[in-house]
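1. Quick one: sequence and predicted model below, then my questions.
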Amino acid sequence: MSTVPGHPEAIVRPTAATPGFEVERVAPREALAEFVDYHWLVRWSVPKPHRQQVVPQPRVHVAAEDGQLLVHGISRSPFYRTLTGNGHVLGAAFHAGGFRPLLKGSVGAISGTVQPGRHLLAGDDRPVAERILAGTDSAEMIDTFEQYLLRTDPVPDPTGREITALVGDAQCNRDIVRADQLAAHAGCSLRTLQRLFTEYVGIGPKWVIQRFRILDAAGAAHSGERIDWSALAYELGFSDQAHLTRVFTHVVGTPPATYQRTHGRL
């Protein structure tokens, strides 16, 4: 398995998710590397139903589940999945600017929706999903999945590459806490940046920046270190600790200090 980017901090309550729950991340083949960041394969074997929450990120996912390939547009709402018995799900996590070349249209048009691949991409997805969900070998399942994605004939898009890079800058640079700062970094107007993000990412730059800062806060909660939440709130661009607490609670479900005490590693 390749070591590839991902957001392990996006898994809410990771210590509770560990038993019987395995996540594998695999780099895509070269022909898809500009579009797909990584494939993820989740396997589980749980004696009783397990409800797992994941913090939505600024990327589109396509996943083999429930007998079809489902395209998950970016959602502002919390994402939950209840796992029962034994099973697996295979998905593709796209680069922030990487899905538009497959969709051939604005990614903003599918935000907040979950739609079958056959409605948006390259023909009937159900036989592909059935083979993946009946499979056991990771490499064979991924090959089947990638063959379907390649049928969309995605063409490299220089603007998509630029947007992916900008989103990466917003993720890594904690000094970027406002959309106008990212626009200045990109050398364009805020209006232009908002239009490009809607077209390629599916959501605006303000949401993207704040979501990364919330993931930073979740990572801090998982670290096992004692956190000065007031200082961290300021560092992450929130007006004060109360502001961070409101946004974190909306996304994760509990205030950050409470989350760390009950689900972190402190």
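-> Good, I have the coordinates. Numbers count the residues shown, from 1 in each chain.
2. In terms of pLDDT, where does Val12 sit?
-> pLDDT recorded at Val12 is 60.
3. Ok, Val4 next?
-> pLDDT, Val4: 45.
4. cool, and Gly219?
-> In this model, Gly219 carries a pLDDT of 89.
5. how many neighbours does it have?
-> 13 (other C-beta atoms under 10 Å). All C-beta spots, glycine's among them, are computed from the backbone N, C-alpha and C.
6. host element of it?
-> helix 205-222 (DSSP states H and E).
7. now for that helix, which elements pack on it?
-> helix 158-172, helix 179-186, helix 190-200, helix 241-252, helix 256-263 (3 or more C-beta pairs under 8 Å, 6 or more residues apart in numbering; DSSP states H and E).
8. residues in contact with the second one?
-> Contacts with helix 179-186, where a contact means C-beta atoms under 8 Å, 6 or more residues apart in numbering, come from 162, 166, 169-170, 175-176, 189-190, 192-194, 204-206, 209.
9. Please save the CA atoms from that helix in PDB.
-> Written as PDB, here are the backbone C-alpha positions of helix 179-186 (Å, rounded to 0.1, in the frame of the first residue of the first chain):
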ATOM      1  CA  ALA A 179     -11.000  34.000   1.700                       C
ATOM      2  CA  ASP A 180      -9.600  37.400   0.700                       C
ATOM      3  CA  GLN A 181      -6.100  36.200   1.900                       C
ATOM      4  CA  LEU A 182      -6.300  33.200  -0.300                       C
ATOM      5  CA  ALA A 183      -7.400  35.400  -3.200                       C
ATOM      6  CA  ALA A 184      -4.400  37.600  -2.700                       C
ATOM      7  CA  HIS A 185      -2.200  34.500  -2.500                       C
ATOM      8  CA  ALA A 186      -3.700  33.400  -5.800                       C
END
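10. how about it: buried residues?
-> Ala179, Gln181, Leu182, Ala183, Ala186 (16 or more other C-beta atoms under 10 Å).
11. Could I get the full set of helices for the stretch 51-200 of the chain?
-> Along the stretch 51-200 of the chain, counting by DSSP state H, counting those that start in this stretch, helices occupy 100-103, 117-120, 126-134, 138-150, 158-172, 179-186, 190-200.
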